[in-house]
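Undergrad: attaching a predicted model along with its sequence, questions to come.
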Amino acid sequence: MTNLAGKLHIRLDPDGVRIDSTRPVRAAALLVGRDIAQAAHLLPVLFSICAAAQATAGATAIEGALGLAVDPRIAARRRRLVAAETLREHLWRILLDWPGVLGEPTDAAAMARVMAGYGAWRTALTAGFDLSAAEPAAEGARRGLAELGALRVFGLPPEAWLGQVEGLATLATWASQTDTAAARLVHRVLTARQAGLGRSGVGALPPLAVADLNRYLDGADPTVDAFVARPTWDGQPRESSPLTRQLDVPLVQNLSRSFGNGLLPRLAAQLVEAARIMTAAEATAAGPGPTPGELPAGLGLAQVSAARGLLVHRVRLCDGHVTEYRILAPTEWNFHPAGVVAVGLAGLMEQADHADLGRLARLFITAVDPCVDFELQLTNPRNLSSDHSDL
């Protein structure tokens with residue numbers, strides 16, 4: 001964690017769920033007054049979590065403010081960098097956090113290989129303008145991570161897993177027959193009838209029009225700060241996550257019909273996205289950019305699908321210097337005080353045993369996946385039922 005990351009404080013007590021955040025939503029103001037080169041250099045340093053996504057969003061927003069057209073090869077390379085970073089973040093959860101839920105040791109050796117592979121992939125993708133010379137190294141790094149995924153996550157090649165596991169029945173079969181921590185966690189969730197854990201009616205964040213989003217991020221600091229800290233869309237908290245990104249994939253669609261936005265669809269979405277990146281079937285996409293004339297000169301706005309959800313950067317430039325900078329991160333959508341985590345945990349409190357509540361709450365929070373550390377506190381939670389059949 002960096003000093004700018006902040007922390008989430010999540011409290012469950014008889015009055016419900018309370019989520020407080022120390023995340024410094026105005027940290028991007030540190031870029032104000034910098035020239036363009038300084039700002040672009042500082043962005044991934046100041047915001048080191050998902051640094052590739054942050055750098056991509058920042059560069060794209062600055063280019064938009066300058067009225068520059070981005071070379072399609074550069075845009076494609078940025079998408080691949082963000083995809084590689086997304087894979088690294090998903091594997092961090094799958095290899096280090098998921099085993100802990102099962103009481104197993106973390107797979108630190110595999111994660112060390114992931115970090116080395118990601119480093120090689122990133123080096124290849126940033127090795128100069130001519131990608132053709134670096135492409136063999138980039139593909140070698142991707143294939144190496146796919147081989148690791150076959151051994152330590154899926155138990156078979158990722159492309160085979162994607163082809164074979166398309167619904168609840170095939171997922172259950174895979175989970176019961178595969179000797180990996182990911183499969184064992186899915187098997188436990190299914191056999192414990194916890195697939196719908198944390199299900200709520202909080203909807204997915206829809207595609208955002210640039211002009212509409214710009215209106216929310218434009219204006220006096222207190223108003224914009226309030227939106228950035230606790231964003232809503234059409235007056236409602238929304239979710240932006242790997243689950244909402246993968247809703248069109250058959251497996252995730254199938255599970256969501258049965259379990260909504262509960263625990264099992266979330267775990268499956270991370271597995272699906274990891275497998276698709278390993279097989280080069282998906283490069284994390286950028287959101288819609290402004291059309292010419294849509295934003296005033298000197299103003300740029302970028303939307304990037306980072307590992308945990310939509311990342312938005314908005315910059316205003318004057319005479320080659322930053323005069324305004326705003327960042328809207330996915331954590332603020334997903335961990336809104338009345339958002340998907342808060343509502344999901346409130347439902348969990350009504351259904352889970354006191355003895356299981358802490359473990360299940362942590363599992364659900366991890367499945368939604370904050371990009372920062374969190375502290376969970378339970379204070380005399382309600383213990384209304386010991387039946388987990390509806391979880």
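TA: Good, I have the coordinates.

Undergrad: may I have the phi/psi pair for C318?
TA: Dihedral pair for C318: phi -150, psi 120, per degrees, to the nearest 10.

Undergrad: surely it touches P296?
TA: No. Assessed by CB atoms under 8 Å, C318 is found out of contact with P296, at 11.4 Å. For glycine as for every other residue, the C-beta is placed from the backbone atoms N, C-alpha and C.

Undergrad: burial of G6, as a residue count?
TA: Applying other CB atoms under 10 Å, we find 17 residues neighbouring G6.

Undergrad: which SS state does the nearest residue in space to it that is not next to it in sequence fall under?
TA: Spatial nearest neighbour of G6, excluding adjacent residues (CB to CB, 6 or more residues apart in numbering): R23 at 3.3 Å. R23 falls in the coil class when you classify it by DSSP: H, G, I helix; E, B strand; the rest coil.

Undergrad: residues in contact with R23?
TA: A5, G6, K7, L8, A229, A329, T331, E332, V372 (CB atoms under 8 Å, 6 or more residues apart in numbering).

Undergrad: so the third one makes contact with T22?
TA: Right, the one you point to is K7. Yes. With contact defined as CB under 8 Å, K7 reaches T22; the gap is 5.1 Å.

Undergrad: more neighbours: the two, which one.
TA: Taking other CB under 10 Å, K7 and T22 do not tie; K7 has more neighbours (14 against 10).

Undergrad: bridged to the more buried one, which residues?
TA: D373 (DSSP bridges).

Undergrad: which residues does it contact?
TA: S21, T22, R23, V372, D373, F374, E375.

Undergrad: pretty sure the last one sits in a helix.
TA: No. Remark: E375 does not belong to a helix; assigned using three-state DSSP, it is strand.

Undergrad: not counting sequence-adjacent ones, nearest residue to it?
TA: H9 (5.1 Å).

Undergrad: residue at max distance from the center of this protein?
TA: Taking CA atoms, centre = their mean as the measure, the residue most remote from the mean C-alpha position of the chain is D319, 34.8 Å away.

Undergrad: gap between the two ends of stretch 295-303?
TA: 14 Å (CA to CA, to the nearest Å).

Undergrad: ok so, going back, any quick ChimeraX command for the buried ones out of the contacts of R23?
TA: Typed into ChimeraX, the next command selects the buried ones out of the contacts of R23 (criterion: 16 or more other CB atoms under 10 Å):
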select :5,6,8,229,329,331,332,372
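
Undergrad: tabulate the contacts of R23 in TSV, adding columns for pLDDT and distance to D248.
TA: What follows is the contacts of R23, written out as TSV (pLDDT from 0 to 100; distance: CB to CB, whole Å):
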residue	pLDDT	distance to D248
A5	74	31
G6	84	32
K7	92	34
L8	95	29
A229	94	31
A329	95	24
T331	95	24
E332	96	25
V372	87	29
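
Undergrad: and the contacts of R23, which is closest to G300?
TA: Here the nearest of the contacts of R23 to G300, counting by CB to CB, is A329; it sits at 17.6 Å.

Undergrad: correct me, but the closest one touches A307?
TA: No. The pair A329 / A307 is not scored as a contact, 11.1 Å apart, by CB under 8 Å.

Undergrad: give me the common contacts of those two.
TA: With CB under 8 Å, 6+ apart as the test, A329 and A307 both reach C371.

Undergrad: read off the pLDDT value for the residue nearest to G6.
TA: For R23, the model assigns a pLDDT of 88.

Undergrad: ok, now how distant is it from A120?
TA: 32 Å (CB to CB, to the nearest Å).

Undergrad: and for L95?
TA: For L95, the distance to A120 - CB to CB - is 18 Å.

Undergrad: repeat that for P330.
TA: Counting by CB to CB - P330 and A120 are separated by 27 Å.

Undergrad: of the two, which one has the most company?
TA: P330 (28 against 18).
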